[in-house]
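**Student:** Here you go, sequence then predicted model.
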Protein chains: 2
Amino acid sequence: MKYDDSKNKQTLKDLLETTNFVEHISVDCVIFGFHHNKLKVLLLKYPELEIWSVPGGFVFEGENVDDAAHRTLYERTGLEKLFLEQFHTFGNINRTDLNNPHRILLENRNIQVDKDHWIYQRFVTVGYYALIDFSLSHSFPDSLNETCNWFEVDNLPKMAFDHKEVVEKGLAFLRKNLDYKIVGSNLLPEKFTMKDLQTLYETILNEKFLRNNFQRKILSLNMLERLEKFYDGSANKAPYLYRFIDKDLK
Amino acid sequence: MKYDDSKNKQTLKDLLETTNFVEHISVDCVIFGFHHNKLKVLLLKYPELEIWSVPGGFVFEGENVDDAAHRTLYERTGLEKLFLEQFHTFGNINRTDLNNPHRILLENRNIQVDKDHWIYQRFVTVGYYALIDFSLSHSFPDSLNETCNWFEVDNLPKMAFDHKEVVEKGLAFLRKNLDYKIVGSNLLPEKFTMKDLQTLYETILNEKFLRNNFQRKILSLNMLERLEKFYDGSANKAPYLYRFIDKDLK
């Protein structure tokens, strides 16, 4: 339910004239970014409106839905080759009724569209998510000229459609699958201390752990290999370094 | 992509004449059944054809997708009020090309349908799953007169569409989320032994565990409360009984 409306106002019209989208299906990507003990989510602003959405779009007739998620994410943010995974499909009948930027923009610009046009139809959206280091992903294409920004997950701006729920559900899914998702991410250097890992968990889960409890829980997952000690020259006791064992987690 | 084609051959035509489905969207339910150390999946057979599918169907225009999953499951199997959860949406372009019973039946019955008809269009299907005790769910409505059967998950018959992949992906999801799913299920009595629980895990994961390792892993999840010992009058050492703690699992 998104479009590149950046270069000029004609683009919305171009979109409306596109006839080879699959009706009723869209994709939306919730991109979580972690860096320096902050968890954020990537949002786009609609031009002229103070309404934000997660990056997403429509599916072409000859295109797999998973491929459409990668394509639209790239077109709208420049991000590519992410480990995007589905987490939920949103199919309630009223999900696009609230803060619908398409309808508002059409009205503001006085563009007449047939009431039967697909832009007014019901859309079921397939939600994808990824977890990246947001300090490494600053290169959004200028040509889009659409505001693209990282927001803290507990302080979202006014969201289009049901996208507040989409972000919240994505966050719950990330938290539930964190053990597995962290191994697949590149949020930590190859070798890290238990404290580095604990900080990452605490930030994403928004929860503090006792050091011993955390260590016991993490080690019981059998996902870490203990390496040499890390001597930083300080007077503190040197902590062990760890790395992820390369295997599928249960 | 399913229909009740049971009562007479006209039903397929009735379905084809239905105009208030949302195009391109379907739902499919993978119902796993556990009993006496067996894990099975519920499948329906198309009349006249040796092709099976998971129970599913289409979504009405004014109906939430989640509600359509419950409705179609009930209409096709008599099962209701299950804890149905989404696990994946299948959106590949060629997913209904193989073993498509609709196309085969239309051809066999020499029913002429316009090539633009929605039955020939692309469908994205939202997959749901549940885990139940199959010995408690034998009451499929006779009126449907459609063969409905439990199959062992590693011995599936010829499947319609991409439903083999749907079942396999549902099984992988069940296994990955088993800790959480077992607490929500009613597969064990209120009080059970560690051995009962281990058998359930071993059956569903198709994997054997050492008793001590299993006990240590399960207890670390903090999902069990230890109760009194279970004396069965035998000469064996009496095992403890456990029950699930009523709380959300991470």
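**Tutor:** Yes, it's here.
**Student:** which secondary element of chain A has the worst mean pLDDT?
**Tutor:** Within chain A, no helix or strand scores below helix A:10-17, which has a mean of 72 by mean pLDDT, DSSP states H and E.
**Student:** Name the residues of that one that are buried.
**Tutor:** A:L12, A:L15, A:L16 (16 or more other CB atoms under 10 Å in any protein chain shown). (Each C-beta comes from the backbone N, C-alpha and C, glycine too.)
**Student:** What helices and strands are in contact with it?
**Tutor:** When contacts are defined as 3 or more CB pairs under 8 Å, 6 or more residues apart in numbering or on different chains; DSSP states H and E, helix A:10-17 sits against helix A:101-108.
**Student:** average model confidence for the helix or strand following the helix it packs on?
**Tutor:** Sequence order places strand A:124-133 as the next helix or strand after helix A:101-108, per DSSP states H and E. Strand A:124-133 carries an average pLDDT of 95.
**Student:** Indicate whether the lengthiest strand in chain A makes contact with chain B.
**Tutor:** Assignment by DSSP state E gives strand A:21-35 as the longest strand of chain A. Yes - judged by CB under 8 Å from any CB of the partner chain, strand A:21-35 comes into contact with chain B at A:V22, A:E23, A:H24, A:I25.
**Student:** who touches the residue positioned nearest the centre of chain A in this structure?
**Tutor:** For chain A, the residue sitting closest to the mean C-alpha position, by CA atoms, centre = their mean, is A:I31 at 1.6 Å. For A:I31, the contact set (CB atoms under 8 Å, 6 or more residues apart in numbering or on different chains) comprises A:V41, A:L42, A:V54, A:P55, A:L73, A:T77, A:L79, A:L82, A:Y129, A:A130, A:I132.
**Student:** Dump these into CSV; add secondary structure as well.
**Tutor:** Putting the contacts of A:I31 into CSV (DSSP: H, G, I helix; E, B strand; the rest coil) gives the following:
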residue, secondary structure
A:V41, strand
A:L42, strand
A:V54, coil
A:P55, coil
A:L73, helix
A:T77, helix
A:L79, coil
A:L82, coil
A:Y129, strand
A:A130, strand
A:I132, strand
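**Student:** count of neighbours near the nearest residue to A:T147 once chain neighbours are set aside?
**Tutor:** Spatial nearest neighbour of A:T147, chain neighbours left out: A:K45 (3.9 Å); criterion: CB to CB, 6 or more residues apart in numbering or on different chains. Neighbour count of A:K45, defined by other CB atoms under 10 Å in any protein chain shown: 18.
**Student:** so the longest strand of chain A versus strand B:21-35, what angle?
**Tutor:** Computed by axes from the mean of the first three to the mean of the last three CA atoms, to 10 degrees, the angle separating strand A:21-35 from strand B:21-35 equals 60 degrees.
**Student:** Might you enumerate the residues of chain A proximal to chain B?
**Tutor:** Residues of chain A lying near chain B (CB under 8 Å from any CB): A:22-25, A:59, A:61-66, A:68, A:86, A:88-89, A:91-93, A:122, A:124, A:126, A:175-176, A:216-217, A:220, A:250.
**Student:** Check the gap between A:V30 and B:L219 for me.
**Tutor:** According to CB to CB, to the nearest Å, A:V30 stands 34 Å off from B:L219.
**Student:** Those two: which has the busier surroundings?
**Tutor:** Taking neighbours as other CB under 10 Å, A:V30 and B:L219 compare with A:V30 leading, 28 against 13.
**Student:** How about that one: what's its closest non-neighbour residue?
**Tutor:** A:G170 (3.6 Å).
**Student:** Secondary structure element for that neighbour, which one?
**Tutor:** Using DSSP H and E, A:G170 falls in helix A:163-176.
**Student:** Strand A:124-133 and that helix, what's the angle between them?
**Tutor:** Using the same axes, to 10 degrees: helix A:163-176 against strand A:124-133 is 50 degrees.
**Student:** buried stuff in helix A:163-176?
**Tutor:** Under the neighbour-count criterion of 16+ other CB under 10 Å, helix A:163-176 has A:H163, A:K164, A:V166, A:V167, A:K169, A:G170, A:L171, A:F173, A:L174, A:R175, A:K176 buried.
**Student:** so what does it touch, helix or strand wise?
**Tutor:** strand A:21-35, strand A:38-45, strand A:85-90, strand A:124-133, helix A:194-205.
**Student:** Compute the inter-axis angle for it and helix A:194-205.
**Tutor:** Relative orientation of helix A:163-176 and helix A:194-205, computed by the same axes, to 10 degrees: 150 degrees.
**Student:** and helix A:163-176, average pLDDT?
**Tutor:** Computed over helix A:163-176, the average pLDDT equals 96.
**Student:** which residues pair with the residue lying closest to A:L43 once chain neighbours are set aside across the strands?
**Tutor:** Nearest residue to A:L43, sequence neighbours excluded (CB to CB, 6+ apart): A:W52, at 4.3 Å. Here A:W52 sits in beta bridges with A:K45, A:M159, going by DSSP bridges.
**Student:** before we move on, what SS does A:N186 have?
**Tutor:** Quick answer, by three-state DSSP: A:N186 is coil.
**Student:** For the residue lying closest to it once chain neighbours are set aside, which residues are in contact?
**Tutor:** Residue nearest to A:N186 in three dimensions, not counting chain neighbours: A:D133, with 6.5 Å by CB to CB, 6+ apart. Contacts for A:D133 (CB under 8 Å, 6+ apart) come out as A:G33, A:F34, A:H35, A:S185, A:N186, A:L187.
**Student:** Please tell me how far the residue nearest to A:V30 sits from chain B.
**Tutor:** Noted for A:G170: a distance of 13 Å to chain B, by CB to the nearest CB, to the nearest Å.
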